[in-house]
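Enquirer: Structure for the following, please:
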Amino acid sequence: MSELSYWTPVENRDFESKYLSIRALEGWIYSDEELSKLPHVSSSDQHAGIWWIRLATANDFAKYVTKSEKKSVLEVGSGNGWFSVFLQRKTGVEVVGIDINEFELQQAVRVFGNEPVEFAYADIFNAQPHRKFDLIVLNGSIQYFSDPLYLRSILRTWLTPGGEIHIIDSPIHSSKTKATEAKARTRQYYNKLGADFMNQYFFHHTFNDLENFKVLRPVLMDHILSLFGRKRSPFPWLMSK
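Expert: Numbering: from 1, shown residues only. Predicted coordinates:
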C-alpha cells in the first residue's frame with residue numbers, strides 16, 4: 001500500500017477540523033466502503049443527484065484526456081481522491097492528487113492505496129513542483145481560491161510545454177451582480193449552519209475573473225443536452241494554457 005506524500009508541512013489544522021465538521025453536517029463525509037464506490041451512490045444518498053452529474057462530468061473529462069493523448073494529470077483539491085482514481089482507471093495516465101485536507105488524503109490512501117495514484121499534502125502556493133504535468137484539473141474546487149488568475153500563474157509553472165489547466169464542476173457567474181447575489185446566499189447558508197467562518201474561504205468568481213480561460217463547454221450546451229434526456233453539469237468547463 002502506498003503512503004501519503006508531504007510536499008509541504010501540515011498547517012492550519014484548526015481550519016481542517018472546522019471544515020470537516022461542516023462537511024459531515026452536510027453529508028459529504030463518506031465511510032471507506034462508500035468512498036470505494038464513488039461516484040456511484042445509493043438512490044437514498046441525499047446528494048445522489050449531484051453525484052449523477054459528477055459522474056457525467058468525470059466521464060466527459062476522461063474522454064478528453066484520452067483523446068488529447070496527454071500522459072499525466074495533477075488534480076488540485078483532490079479531497080478523498082475519488083476523481084483522481086476514477087480518472088486513472090478510465091485513462092491509464094499518471095495521476096497525482098493534492099490537497100491541504102490531511103484527513104481526506106489519509107482516507108484516500110487507505111481506500112485506494114493499491115491503485116497507481118499518488119496523493120500528496122501540498123499547499124500549491126508554497127510547494128515546489130516535484131515534476132511537470134500535461135494537465136492540471138480543479139474539479140469543484142476553484143471556489144476555494146480567492147484569486148484565480150494568480151492561481152493560474154502558479155499552476156503554469158507546474159505544466160509541461162503545451163500543458164493545460166482545466167476548471168470543471170464549479171459555479172462561474174455571468175456578472176458581478178450575479179456573483180454578489182450568490183455571495184449573499186452563501187453567507188446566509190453558512191450563517192444558518194453556525195459556520196460563518198466558512199464565508200472567508202468560499203469565493204464567487206465571474207467569467208471576467210477568468211479572462212485567460214477559454215470556455216470549452218458552455219452551460220447553454222448542457223441545457224440543450226438535457227432536453228434530450230442527457231443530464232449534464234449545470235457548470236461550465238474552462239481551459240487555459
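
Enquirer: List the buried residues in the lengthiest strand in the chain.
Expert: Using DSSP state E to define each element, the chain has its longest strand at strand 159-168. By neighbour count on 16 or more other CB atoms under 10 Å, the buried set for strand 159-168 is L159, G163, E164, I165, H166, I167, I168. For every residue, glycine as well, the C-beta is placed using N, CA and C.

Enquirer: From T177, how far off is E16?
Expert: 34 Å (CB to CB, to the nearest Å).

Enquirer: which one of the two has more residues nearby?
Expert: E16 (16 against 10; other CB atoms under 10 Å).

Enquirer: wouldn't that one be in contact with L105 here?
Expert: No: using CB atoms under 8 Å, E16 is not in contact with L105; the gap is 10.4 Å.

Enquirer: mind checking pLDDT for M221?
Expert: If you check M221, the pLDDT there is 45.

Enquirer: where do the strands sit along the chain?
Expert: 5-6, 72-76, 94-99, 117-121, 133-139, 159-168, 172-173, 205-206, 214-217, 237-240.

Enquirer: among these, where is the model least confident on average?
Expert: Going by mean pLDDT, the lowest-scoring of the strands of the chain is strand 214-217, which has a mean of 90.

Enquirer: What separation is there between the residue nearest to V76 when sequence neighbours are not counted and R13?
Expert: Counting by CB to CB, 6 or more residues apart in numbering, V76 lies nearest to L138, which is 5.1 Å off, once chain neighbours are set aside. If you measure L138 against R13 using CB to CB, the figure is 23 Å.

Enquirer: go on, Y201?
Expert: Counting by CB to CB, the gap from Y201 to R13 is 15 Å.

Enquirer: More neighbours: which of the two?
Expert: More crowded of Y201 and R13, by other CB under 10 Å: Y201, with 14 against 10.

Enquirer: So what does that one have for phi and psi?
Expert: Main-chain dihedrals, Y201, degrees, to the nearest 10: phi -110, psi 0.

Enquirer: so who does it touch?
Expert: The contact partners of Y201, by CB atoms under 8 Å, 6 or more residues apart in numbering, come to F15, Y19, Y144.

Enquirer: Give me the pLDDT value at it.
Expert: 93.
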